[in-house]
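Asker: kindly generate the corresponding structure for this input.
(2 chains)
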Amino acid sequence: MGEVEAAAKELRPHKDAPPKRRIGSLQMKETLAGFLFIGPMLIGVSVLTLIPIIATFVLSLADWNFVAGWDGLKWTGFDNFQRLFKDEAFIKSLTNNGLFLLTVPVYMAIAMFLAIVIDKHVYMKSYFKVAFFMPYISSVVAVAIVWQVLFHPSVGPVNQTLMALGIDNPPKWIADPKFALVSLMMISVWISIGFNMIVYIAGLQSIPRDLYEAAEIDGANTWNKFAKITFPQLSSSSFFLLITGIISTFKVFDLIAVLTKGGPIRSTSMIVWHLYETAFVNLKIGYASSMAVVLFVCVLIITILQWLLQKKWVNY
Amino acid sequence: MTAAKLGLFRKAVLTLLMLALSLLFLLPFFWMLSASFKIEAEVFTFPIKWIPTTWHMAENYTEVWVGKFPFYKYYWNTIKVSVLTTLLSCLVSALAAYGFSKVRFGAGKYLFLVVLATYMVPQQAILVPQFILYRSINFFDSHLGLIFLGSFSVLGTFMLRQFFMGINNEYIESGKIDGASHWRIFWRIAFPLVRPAIATYAILRFIWTWNDYQNPLIFLRTDALYTIQLAIQKFTTINGEFYSLIMAGTVSGIVPLLIVFIIGQKSVIEGIALGGVKG
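Answerer: Model prediction:
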């Protein structure tokens, strides 16, 4: 009934509005068509995302080993979460996630610099775009394997070069607990520069030219133009990259899985790797689900912050 | 020198500097390529020999492609999974995007918000339930299961919806007045108009599926079903210390996709930038 009335209201201004019954069946047809078009997507998202996220929350309250079957499932309330924040390995992973955040401003700064130079000050723009984009487009697995060989402690080209330059005891990189995480972070910076650069170039192209022309008339130098025009005008790109960058650090998995498997001595374990190990190696489904909840909540908080801050920070 | 000439000179110098920087940036790729052409004994010689003294290219690549762990099989698997995922994902996303933008029904707005909200769920947070679900409906360890995992893309729906919204409603209305159903309007009018956007999304989806490591790792068990990313890793484990072979394997894993990228670079870069700017 409500729907029919709404449809009728919408059509009232038209002089040649058809009689009510006909509107009803038309709107019914439209609604049916709508559901048929969005149906596949809706079913897919419900089955593969909505139900699983609810299941994650439910399972996080249970103690369950996958092999034991449904009978082995015990409800334990918030025990998993209490254990989680006393679990040194989990705290270590979370700390590593925190350290990994440092990669975001680093690759954003490098990408912004490259974007500015490539956008205005060089020939062969499309070559440079492709060149710096290559690590991003290549699979993480392949790239990780190449770096594993390059970082080989004794015979790898990186250390051979360092030794040739007179550094006698170069770090063992991914084999050294002190340097493993830094090595991963360096590789991650190398991979991410391309994507950030492309977004910045798109941002630069939308800055109106007359801003620069006006500044030049006022006698602004290069630094002034960057600080007063380019940087603020790029704020919406920067904000987007900061948010997606932070969220992507929470999802780091491939690099760790291929290069270090969380080692040596847990120095490169991060939240998703720890979750994977707990669920698929140790088969502790309930405990792993509580980690998944923490992961979800972290990403949710950042997304909400994004909504709240977007209007305030972004300077159009 | 005049100011204009000075500007050109500065641009040329900067181009040369950037060229040097980009080559340095790409060194790992050159090293990988060069090592894949070498005999094992020469891989780690220092100073680095960028051009091998003994060419072993044919032998290395034969071993990778048709040797004990033949890449052609995994290539076929990957092509199959990537192509079908891309097709299905484009179809599902385009239909949903049309439904959300050009069919007027009350529930549409709310359902769009629900779908959009699922975008912030990181896939790793739902891996365990997905795994349990797949085990119970026999989708585990099958290409079909893998294809479904990549086919319901919120990002694709969102991207295409933006483009469908750009189509003037008069086109749709005039189709309706002629008595065409939404189904006909979609295929005859709307779909052809957004074809460039769909092509961009298709290239992105193809690359993402091709490079995906996490889903095959968790949802495939049988060697024979492996996609190329799992194959590279397994090949590396099998060949332990044979770095020339390992590098030939990684080159084989990267190069075909790089070709797709270089051919479609304009669409890819525009698509990435668009997704970036629009969030």
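Asker: nearest residue to the residue minimising distance to the centre of chain A other than its sequence neighbours?
Answerer: Per Cα atoms, centre = their mean, the C-alpha nearest to the average position across chain A is that of A:Ser248, at 2.4 Å. Leaving aside its chain neighbours, A:Ser248 sits nearest to A:Ser192 (7.8 Å; criterion: Cβ to Cβ, 6 or more residues apart in numbering or on different chains). All C-beta spots, glycine's among them, are computed from the backbone N, C-alpha and C.
Asker: please report the distance of B:Gly7 from chain A.
Answerer: From B:Gly7 across to chain A, the span is 10 Å (Cβ to the nearest Cβ, to the nearest Å).
Asker: which strands and helices sit next to the host helix or strand of that residue?
Answerer: Using DSSP states H and E, the element containing B:Gly7 is helix B:3-25. Secondary-structure packing of helix B:3-25 (3 or more Cβ pairs under 8 Å, 6 or more residues apart in numbering or on different chains; DSSP states H and E): helix A:103-120, helix A:125-137.
Asker: next, see if the top helix by length along chain A gets close to chain B.
Answerer: Using DSSP state H, we find that the single longest helix of chain A is helix A:285-313. Yes. With Cβ under 8 Å from any Cβ of the partner chain as the criterion, chain B is reached by helix A:285-313 at A:Ile285, A:Ala288, A:Ser289, A:Ala292, A:Val293, A:Leu295, A:Phe296, A:Val299, A:Leu300, A:Thr303.
Asker: export those to CSV and tack on neighbour count?
Answerer: CSV is the format used below for the residues of helix A:285-313 next to chain B (neighbours: other Cβ atoms under 10 Å in any protein chain shown):
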residue, neighbour count
A:Ile285, 25
A:Ala288, 26
A:Ser289, 28
A:Ala292, 30
A:Val293, 19
A:Leu295, 23
A:Phe296, 21
A:Val299, 19
A:Leu300, 14
A:Thr303, 15
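Asker: redo the residues you listed as JSON lines? Include distance to A:Met197.
Answerer: Below are those laid out as JSON lines (distance: Cβ to Cβ, whole Å):
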{"residue": "A:Ile285", "distance to A:Met197": "41"}
{"residue": "A:Ala288", "distance to A:Met197": "36"}
{"residue": "A:Ser289", "distance to A:Met197": "38"}
{"residue": "A:Ala292", "distance to A:Met197": "33"}
{"residue": "A:Val293", "distance to A:Met197": "35"}
{"residue": "A:Leu295", "distance to A:Met197": "28"}
{"residue": "A:Phe296", "distance to A:Met197": "30"}
{"residue": "A:Val299", "distance to A:Met197": "25"}
{"residue": "A:Leu300", "distance to A:Met197": "29"}
{"residue": "A:Thr303", "distance to A:Met197": "24"}
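Asker: pLDDT below threshold where in the stretch 101-250 of chain A?
Answerer: Applying pLDDT under 70 to the stretch 101-250 of chain A flags no residue at all.
Asker: pretty sure B:Pro52 sits in a helix.
Answerer: No. B:Pro52 is assigned coil when assessed by DSSP: H, G, I helix; E, B strand; the rest coil, not a helix.
Asker: what sits against it?
Answerer: Contact analysis of B:Pro52 by Cβ atoms under 8 Å, 6 or more residues apart in numbering or on different chains lists B:Ser34, B:Phe37, B:Lys38, B:Ile39, B:Glu42.
Asker: per-residue pLDDT, the residue lying closest to B:Trp55 once chain neighbours are set aside?
Answerer: With sequence-adjacent residues excluded and distances taken as Cβ to Cβ, 6+ apart, B:Trp55 is closest to B:Phe37, at 6.0 Å. pLDDT recorded at B:Phe37 is 89.
Asker: surely B:Phe37 is in contact with B:Thr54?
Answerer: No. The criterion here is Cβ atoms under 8 Å, and B:Phe37 misses it with B:Thr54 at 9.3 Å.
Asker: what about the helices in the stretch 151-279 of chain B?
Answerer: For the stretch 151-279 of chain B, the helices defined by DSSP state H, counting those that start in this stretch occupy B:154-165, B:169-177, B:182-185, B:191-193, B:195-211, B:214-219, B:228-238, B:243-263, B:265-278.
Asker: for the second one, buried residues please.
Answerer: Read it as helix B:169-177. B:Ile172, B:Gly175 (16 or more other Cβ atoms under 10 Å in any protein chain shown).
Asker: need the residues that contact it.
Answerer: Contact with helix B:169-177 is made by B:Lys102, B:Arg184, B:Ile185, B:Arg188, B:Ile189, B:Ala190, B:Leu193, as judged by Cβ under 8 Å, 6+ apart.
Asker: okay, the angle between it and helix B:154-165?
Answerer: Relative orientation of helix B:169-177 versus helix B:154-165 (axes from the mean of the first three to the mean of the last three Cα atoms, to 10 degrees): 80 degrees.
Asker: quick check: mean pLDDT of helix B:169-177?
Answerer: 86.
Asker: what about the residue nearest to B:Ile51 when sequence neighbours are not counted, helix or strand, and which?
Answerer: Nearest-residue entry for B:Ile51: B:Ser34, 7.1 Å, with adjacent residues in sequence omitted and distances by Cβ to Cβ, 6+ apart. For B:Ser34, the host element (DSSP H and E) is helix B:27-36.
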